[in-house]
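K.L.:
Structural data only, the sequence is not supplied:
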(Lines give C-alpha, C1' and ligand atoms only; values in the text may rest on other atoms or scores of the structure.)
Protein backbone atom coordinates (compact mmCIF):
# COMPACT_ATOMS: atom_id res chain seq x y z
CA UNK A 1 0.00 0.00 0.00
CA UNK A 2 2.75 2.48 0.86
CA UNK A 3 4.50 1.84 -2.46
CA UNK A 4 1.35 2.96 -4.30
CA UNK A 5 1.29 6.20 -2.33
CA UNK A 6 4.89 6.98 -3.21
CA UNK A 7 4.49 6.31 -6.94
CA UNK A 8 1.16 8.11 -7.43
CA UNK A 9 1.92 11.09 -9.68
CA UNK A 10 -1.36 12.78 -10.51
CA UNK A 11 -4.70 13.14 -8.74
CA UNK A 12 -7.98 13.67 -10.58
CA UNK A 13 -9.31 16.85 -8.96
CA UNK A 14 -11.60 17.99 -11.82
CA UNK A 15 -12.30 15.65 -14.72
CA UNK A 16 -13.33 16.47 -18.27
CA UNK A 17 -13.69 14.31 -21.38
CA UNK A 18 -10.10 14.79 -22.59
CA UNK A 19 -8.17 15.93 -19.55
CA UNK A 20 -8.25 16.39 -15.81
CA UNK A 21 -6.75 18.93 -13.44
CA UNK A 22 -4.32 17.66 -10.81
CA UNK A 23 -2.47 19.51 -8.02
CA UNK A 24 1.11 20.47 -8.86
CA UNK A 25 4.21 19.05 -7.20
CA UNK A 26 7.98 19.49 -7.25
CA UNK A 27 8.16 16.53 -9.66
CA UNK A 28 6.78 18.88 -12.35
CA UNK A 29 9.74 21.28 -12.32
CA UNK A 30 11.81 19.52 -14.97
CA UNK A 31 8.97 19.31 -17.49
CA UNK A 32 7.98 22.93 -16.81
CA UNK A 33 11.61 23.98 -17.42
CA UNK A 34 11.53 22.18 -20.77
CA UNK A 35 8.36 24.02 -21.78
CA UNK A 36 9.66 27.44 -20.78
CA UNK A 37 12.85 26.97 -22.80
CA UNK A 38 10.87 26.27 -25.98
CA UNK A 39 10.29 29.50 -27.92
CA UNK A 40 7.23 28.05 -29.66
CA UNK A 41 5.66 27.77 -26.21
CA UNK A 42 6.98 30.98 -24.65
CA UNK A 43 6.55 33.55 -27.44
CA UNK A 44 2.72 33.27 -27.38
CA UNK A 45 2.88 33.69 -23.59
CA UNK A 46 5.28 36.63 -23.70
CA UNK A 47 7.88 34.80 -21.57
CA UNK A 48 10.58 34.50 -24.22
CA UNK A 49 12.91 37.27 -23.05
CA UNK A 50 12.93 36.85 -19.29
CA UNK A 51 15.31 34.99 -16.99
CA UNK A 52 16.43 31.69 -18.55
CA UNK A 53 14.46 28.84 -17.07
CA UNK A 54 15.97 25.89 -15.24
CA UNK A 55 14.76 23.31 -12.75
CA UNK A 56 15.82 25.44 -9.76
CA UNK A 57 13.74 28.45 -10.71
CA UNK A 58 10.78 26.24 -11.59
CA UNK A 59 11.02 24.71 -8.10
CA UNK A 60 11.00 28.26 -6.72
CA UNK A 61 7.92 29.11 -8.83
CA UNK A 62 6.12 26.00 -7.56
CA UNK A 63 6.96 26.95 -3.97
CA UNK A 64 6.01 30.60 -4.51
CA UNK A 65 2.66 29.75 -6.13
CA UNK A 66 1.81 27.46 -3.25
CA UNK A 67 2.76 30.06 -0.61
CA UNK A 68 0.81 32.89 -2.24
CA UNK A 69 -2.52 31.08 -2.37
CA UNK A 70 -2.57 30.64 -6.14
CA UNK A 71 -4.75 27.78 -7.27
CA UNK A 72 -2.45 25.96 -9.70
CA UNK A 73 -3.21 22.71 -11.48
CA UNK A 74 -1.47 20.46 -13.92
CA UNK A 75 -3.43 19.65 -17.04
CA UNK A 76 -3.19 15.90 -17.57
CA UNK A 77 -4.43 13.80 -20.49
CA UNK A 78 -7.25 11.55 -19.32
CA UNK A 79 -6.35 8.87 -21.87
CA UNK A 80 -2.71 8.29 -20.91
CA UNK A 81 -1.88 10.50 -17.88
CA UNK A 82 0.56 12.67 -19.88
CA UNK A 83 1.37 16.04 -18.31
CA UNK A 84 0.12 18.45 -20.98
CA UNK A 85 0.25 21.88 -19.32
CA UNK A 86 -0.76 23.91 -16.31
CA UNK A 87 -3.41 26.46 -15.44
CA UNK A 88 -3.76 28.86 -12.55
CA UNK A 89 -6.14 31.22 -10.79
CA UNK A 90 -4.09 33.94 -9.09
CA UNK A 91 -4.44 37.40 -7.53
CA UNK A 92 -7.59 36.20 -5.76
CA UNK A 93 -9.67 38.92 -4.12
CA UNK A 94 -12.04 37.05 -1.82
CA UNK A 95 -13.91 40.20 -0.75
CA UNK A 96 -14.80 41.34 -4.27
CA UNK A 97 -14.74 37.76 -5.58
CA UNK A 98 -12.45 38.06 -8.59
CA UNK A 99 -9.23 36.49 -9.85
CA UNK A 100 -6.91 36.34 -12.83
CA UNK A 101 -6.41 33.30 -15.03
CA UNK A 102 -3.39 31.89 -16.85
CA UNK A 103 -2.76 28.73 -18.84
CA UNK A 104 0.05 27.10 -20.79
CA UNK A 105 -0.11 23.98 -22.91
CA UNK A 106 3.54 23.01 -23.00
CA UNK A 107 3.20 19.73 -24.87
CA UNK A 108 2.83 20.81 -28.50
CA UNK A 109 1.45 17.43 -29.63
CA UNK A 110 -1.71 18.38 -27.68
CA UNK A 111 -2.21 21.78 -29.35
CA UNK A 112 -5.37 22.40 -31.38
CA UNK A 113 -7.12 19.33 -29.96
CA UNK A 114 -9.45 20.99 -27.45
CA UNK A 115 -7.32 20.43 -24.34
CA UNK A 116 -6.85 24.14 -23.66
CA UNK A 117 -10.54 24.90 -23.97
CA UNK A 118 -11.56 21.99 -21.74
CA UNK A 119 -8.93 22.81 -19.09
CA UNK A 120 -10.10 26.45 -19.17
CA UNK A 121 -13.70 25.38 -18.59
CA UNK A 122 -12.67 23.05 -15.76
CA UNK A 123 -10.78 25.77 -13.89
CA UNK A 124 -13.63 28.23 -14.47
CA UNK A 125 -15.98 25.66 -12.96
CA UNK A 126 -13.62 25.38 -9.99
CA UNK A 127 -13.34 29.16 -9.64
CA UNK A 128 -17.02 30.00 -9.94
CA UNK A 129 -18.60 27.02 -8.18
CA UNK A 130 -16.05 26.04 -5.52
CA UNK A 131 -14.16 29.28 -4.81
CA UNK A 132 -17.38 31.32 -5.25
CA UNK A 133 -15.75 33.86 -7.58
CA UNK A 134 -17.87 36.29 -9.59
CA UNK A 135 -15.35 37.53 -12.19
CA UNK A 136 -12.30 35.90 -13.78
CA UNK A 137 -10.04 37.98 -16.01
CA UNK A 138 -7.06 37.36 -18.30
CA UNK A 139 -4.70 39.18 -20.62
CA UNK A 140 -3.50 37.74 -23.93
CA UNK A 141 -1.27 39.17 -26.64
CA UNK A 142 -3.13 40.19 -29.79
CA UNK A 143 -0.90 37.99 -31.97
CA UNK A 144 -1.97 34.87 -30.05
CA UNK A 145 -5.08 34.25 -32.18
CA UNK A 146 -5.44 30.60 -31.15
CA UNK A 147 -5.63 31.50 -27.46
CA UNK A 148 -8.11 34.33 -28.11
CA UNK A 149 -10.39 31.92 -29.99
CA UNK A 150 -10.06 29.33 -27.20
CA UNK A 151 -11.01 31.90 -24.55
CA UNK A 152 -14.01 33.11 -26.56
CA UNK A 153 -15.24 29.52 -26.94
CA UNK A 154 -14.92 29.10 -23.16
CA UNK A 155 -17.11 32.20 -22.66
CA UNK A 156 -14.63 35.05 -22.16
CA UNK A 157 -15.46 38.45 -23.67
CA UNK A 158 -13.06 41.21 -24.68
CA UNK A 159 -13.30 44.14 -22.26
CA UNK A 160 -10.46 46.34 -23.46
CA UNK A 161 -6.86 46.58 -24.60
CA UNK A 162 -3.55 47.78 -23.34
CA UNK A 163 -2.22 49.29 -26.55
CA UNK A 164 1.23 48.48 -27.91
CA UNK A 165 2.18 46.77 -24.65
CA UNK A 166 4.34 44.07 -26.27
CA UNK A 167 7.26 44.64 -28.62
CA UNK A 168 8.69 41.59 -30.34
CA UNK A 169 10.60 41.38 -33.58
CA UNK A 170 10.37 45.17 -33.87
CA UNK A 171 6.55 45.03 -34.01
CA UNK A 172 4.12 46.36 -31.41
CA UNK A 173 1.14 44.38 -30.17
CA UNK A 174 -1.75 45.02 -27.80
CA UNK A 175 -2.63 43.04 -24.72
CA UNK A 176 -6.26 41.97 -25.12
CA UNK A 177 -8.09 42.02 -21.79
CA UNK A 178 -10.92 39.52 -21.41
CA UNK A 179 -13.20 38.39 -18.60
CA UNK A 180 -16.15 36.18 -17.78
CA UNK A 181 -18.78 36.49 -15.06
CA UNK A 182 -20.20 33.65 -12.97
CA UNK A 183 -23.67 34.30 -14.43
CA UNK A 184 -22.26 33.76 -17.96
CA UNK A 185 -20.75 30.36 -17.17
CA UNK A 186 -22.45 26.96 -17.29
CA UNK A 187 -20.90 24.29 -15.09
CA UNK A 188 -19.54 21.21 -16.84
CA UNK A 189 -18.41 19.27 -13.80
CA UNK A 190 -19.32 20.61 -10.36
CA UNK A 191 -23.09 20.80 -10.85
CA UNK A 192 -23.14 17.13 -11.92
CA UNK A 193 -21.77 16.22 -8.50
CA UNK A 194 -24.51 17.98 -6.54
CA UNK A 195 -27.56 17.08 -8.64
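P.N.:
All right, it came through fine. Everything quoted here is computed from the prediction, not taken from an experiment.

K.L.:
check which helix or strand covers residue 138.
P.N.:
strand 135-141 (DSSP states H and E).

K.L.:
so what secondary structure elements neighbour that strand?
P.N.:
The helices and strands touching strand 135-141, judged by 3 or more Cβ pairs under 8 Å, 6 or more residues apart in numbering; DSSP states H and E, are strand 98-105, helix 115-129, helix 145-154, strand 157-168, strand 171-181. Every C-beta, even on glycine, is put in place using the N, C-alpha and C of the backbone.

K.L.:
That one - which strands sit beside it in the sheet, and in what orientation?
P.N.:
strand 98-105 (parallel), strand 171-181 (antiparallel) (DSSP bridges).

K.L.:
Pull out the buried residues from the last one.
P.N.:
To tie it back to what came earlier, the one meant is strand 171-181. For strand 171-181, burial by neighbour count (16 or more other Cβ atoms under 10 Å) applies to 173, 174, 175, 176, 177, 178, 179, 180.

K.L.:
Next: stretch 114-129.
P.N.:
Neighbour-count burial for stretch 114-129 flags 115-129 (criterion: 16+ other Cβ under 10 Å).

K.L.:
Near residue 167, how many other residues are there?
P.N.:
Residue 167 sits with 10 neighbouring residues when counted by other Cβ atoms under 10 Å.

K.L.:
May I have the beta-bridge partners of it?
P.N.:
Beta-bridge partners, per DSSP bridges, of residue 167: residue 172.
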